[in-house]
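Q: heads up, no residue letters with this:
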């Protein structure tokens, strides 16, 4: 077993609470990604799992055993940091095997594990090189390989790709996904990049101000965000938000938005709301509901374009359209959407579901 249980976990630095009563279960073999804005507590939570930060209150269990007082070296965890932390005076082979040397494993076993990991990561031709002779991507592979050779069942990654350029990040995402698929280790991964989270995770944990805003699969968070914060954090470009007023009229609800009334299925809620619509769910020209808009800017991106629109009162929205629409800045157009693709949030920013407040 290598599952993780966080039970009412709290972290305080003096009077400042940075993790506020987190409860989370991570199953054996699962790939879980912590995401959230800077300062939300995601790296602190990871470091508490690793034993690099003390737990102020609550309990951490790994494979069913309490770990609060267990030192990091005895938690059977392999960790990959944002900084590769390679030994500059050692070649790749020594960097990969150094932890095994300190554990006093036989030299033949160390060599066997190192060569196996190097081949797995396609760096076996680099064993004699030193870190200064490696590219950023190669150094990252060595850092991952150093974790692999320890043959642990729990891997922790703390923003491991943030120092790489976009192409290398994409390449390493594929590599990390392959490693997880083949090694089957329980993996907790911290990133600020929602693209990494969406492509790697079995489940995503969205953190805000030291607490969990929502936990779910990537598509659950994308399709059914529990609140406006999650809706704005997951998805690129970010979700569009427009203020409105929701009222109940008989067997349906009516949403007043930018001077227009839109008839919706019934909600057990009335009052100020926010309508959220993803750029890819907006359509130029029509839909179940429409607004009149002025074109501000068209950004061609190759196979698609981002169309920036003013829908009145200085409010702007973004439409992700296929190809390059034949419209110009200053033109007036209709923008529409299907009701089932829209999200409604109450004045507390909680997602509303039809028939439920």
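A: Received, thanks. Nothing here was measured: the structure is a model prediction, and the numbers come from that model.

Q: for the stretch 101-250 of the chain, which segments count as strands?
A: With strands called from DSSP state E, counting those that start in this stretch, the stretch 101-250 of the chain shows them at 154-158, 186-190, 203-208, 211-216, 240-249.

Q: relative to strand 186-190, how tilted is the third one?
A: What that stands for is strand 203-208. 30 degrees (axes from the mean of the first three to the mean of the last three Cα atoms, to 10 degrees).

Q: what helices or strands is strand 203-208 leaning on?
A: Counting contacts by 3 or more Cβ pairs under 8 Å, 6 or more residues apart in numbering; DSSP states H and E, strand 203-208 packs against strand 31-35, strand 211-216, helix 218-223, helix 228-233. (Each C-beta comes from the backbone N, C-alpha and C, glycine too.)

Q: before we move on, what about the second one?
A: Helices and strands touching strand 186-190, by 3+ Cβ pairs under 8 Å, 6+ apart, are strand 31-35, helix 42-50, strand 154-158, helix 194-200.

Q: switch the cut-off to 7 Å
A: Other helices and strands packing on strand 186-190, by 3 or more Cβ pairs under 7 Å, 6 or more residues apart in numbering; DSSP states H and E, are strand 31-35, helix 42-50, strand 154-158.

Q: centroid-nearest residue for this structure?
A: Nearest residue to the geometric centre of the chain (Cα atoms, centre = their mean): residue 197, 3.4 Å.

Q: for residue 235, see how far away it is.
A: In this view, residue 197 and residue 235 are 11 Å apart by Cβ to Cβ, to the nearest Å.

Q: and residue 203, which of the helices and strands packed on strand 186-190 is closest to it?
A: For these, the distance to residue 203 is smallest for strand 31-35, at 5.2 Å, taking Cβ to Cβ.

Q: before we move on, the earlier item: gap between the residue nearest to the centre of the chain and residue 229?
A: Distance from residue 197 to residue 229, by Cβ to Cβ: 15 Å.

Q: now swap in residue 136 and tell me
A: Distance of residue 136 to residue 229, computed by Cβ to Cβ: 32 Å.

Q: same drill for these two, tell me which one is more crowded.
A: Legend: neighbour count by other Cβ atoms under 10 Å for residue 136 and residue 229, higher for residue 229 (18 against 14).

Q: just for the stretch 1-150 of the chain, where's the confidence low?
A: 1 (pLDDT under 70).

Q: and the residue in the chain sticking out farthest from the centre, how far from residue 244?
A: Ranked by distance from the centre of the chain (Cα atoms, centre = their mean), the top residue is residue 250, with 41.1 Å. When distance is defined by Cβ to Cβ, residue 250 is 19 Å away from residue 244.

Q: and for residue 189?
A: According to Cβ to Cβ, residue 189 stands 37 Å off from residue 244.

Q: do residue 82 as well
A: Taking Cβ to Cβ, one finds residue 82 at 42 Å from residue 244.

Q: now swap in residue 300 and tell me
A: Between residue 300 and residue 244 the computed distance is 31 Å (Cβ to Cβ).

Q: including distance to residue 9 and mean neighbour count, could the helices and strands packed on strand 186-190 go into TSV?
A: Below are the helices and strands packed on strand 186-190 laid out as TSV (distance: least, Cβ to Cβ, whole Å; neighbours: other Cβ atoms under 10 Å):
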stretch	distance to residue 9	mean neighbour count
strand 31-35	13	24
helix 42-50	7	22
strand 154-158	15	23
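
Q: rewinding a little: single out the most deeply packed of the strands of the stretch 101-250 of the chain.
A: Highest mean neighbour count of those: strand 186-190, a mean of 25 (counted as mean count of other Cβ atoms under 10 Å).

Q: given it, what are its sheet partners and their directions?
A: strand 31-35 (parallel), strand 154-158 (parallel) (DSSP bridges).

Q: residues making contact with the first one?
A: In other words, strand 31-35. 26, 42, 45-46, 180, 187-192, 194, 197, 200-207 (Cβ atoms under 7 Å, 6 or more residues apart in numbering).

Q: do you know how far residue 87 is from residue 303?
A: From residue 87 across to residue 303, the span is 45 Å (Cβ to Cβ).

Q: tell me which of these two has more neighbours.
A: Using other Cβ under 10 Å as the criterion, residue 87 and residue 303 rank with residue 87 on top: 12 against 8.
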